[in-house]
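**Q** Pasting the sequence and the predicted coordinates here, then a few questions.
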Amino acid sequence: MAKITYIEHNGTAHEIDVKPGMTVMEGARDNGVPGIDADCGGACACSTCHVYVAAEWVDRLPAKDPMEEDMLDFAYQPDPTRSRLTCQIKVTDELDGLVVNLPERQI
């Protein structure tokens, strides 16, 4: 299991054990983390699972593919470096300790 910390916009932290092979979005959704809407169910067809990855993790994640880059254009206040769609981040043992910050809202 990889421990992922989801931090709500108000500062509330949720430490969740997520099974490798799942996505960071599925870990949030399956554990009731508020602020990850995941309207498209993980199809990379919306931006409602948008987060800001903690700076120390940005270079440790796989690169964004063009579809994710396009969808991030629709996210609320995207950051060119730290914004990611959690449906596109597959959990591996190497992601143990990942920290993501949720935006004020999803659109």
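**A** Nice, I can see it. Keep in mind it's a predicted model, so treat the numbers as computed, not measured. Numbers count the residues shown, from 1 in each chain.
**Q** same question for stretch 89-105, mean pLDDT?
**A** What stretch 89-105 shows for mean pLDDT is 98.
**Q** Stretch 47-66 too?
**A** 97.
**Q** Enumerate every residue touching the closest residue to Met22 other than its chain neighbours.
**A** Of all residues not flanking Met22 in the chain, Val91 sits nearest, at 5.2 Å (Cβ to Cβ, 6 or more residues apart in numbering). Heads up, the C-betas are built off the backbone N, CA and C, glycines and all. Neighbouring residues of Val91 by Cβ atoms under 8 Å, 6 or more residues apart in numbering: Ala2, Ile4, Val18, Lys19, Pro20, Gly21, Met22, Thr23, Val24, Gly27.
**Q** Just the buried ones among those, please.
**A** Ala2, Ile4, Val18, Met22, Thr23, Val24, Gly27 (16 or more other Cβ atoms under 10 Å).
**Q** Report the separation between the third one and Gly97.
**A** In this structure, Val18 lies at 12 Å from Gly97, with Cβ to Cβ, to the nearest Å as the measure.
**Q** Quick check: neighbours shared by these two?
**A** With Cβ under 8 Å, 6+ apart, Val18 and Gly97 have common neighbours Ala2, Lys3.
**Q** So what pairs up with Val51 in the strands?
**A** Note on Val51: beta-bridge partners by DSSP bridges are Arg84.
**Q** Isn't it up against Glu104?
**A** No: using Cβ atoms under 8 Å, Val51 is not in contact with Glu104, being 11.9 Å away.
**Q** if you count what's nearby, which of the two comes out ahead?
**A** Val51 (26 against 10; other Cβ atoms under 10 Å).
**Q** Tell me who's in contact with that one.
**A** Taking Cβ under 8 Å, 6+ apart as the test, what Val51 contacts is Tyr6, Val24, Ile36, Ser83, Arg84, Leu85, Thr86, Val100, Asn101, Leu102, Pro103.
**Q** Setting aside sequence neighbours, what's the nearest residue to the last one?
**A** Leaving aside its chain neighbours, Pro103 sits nearest to Tyr76 (4.9 Å; criterion: Cβ to Cβ, 6+ apart).
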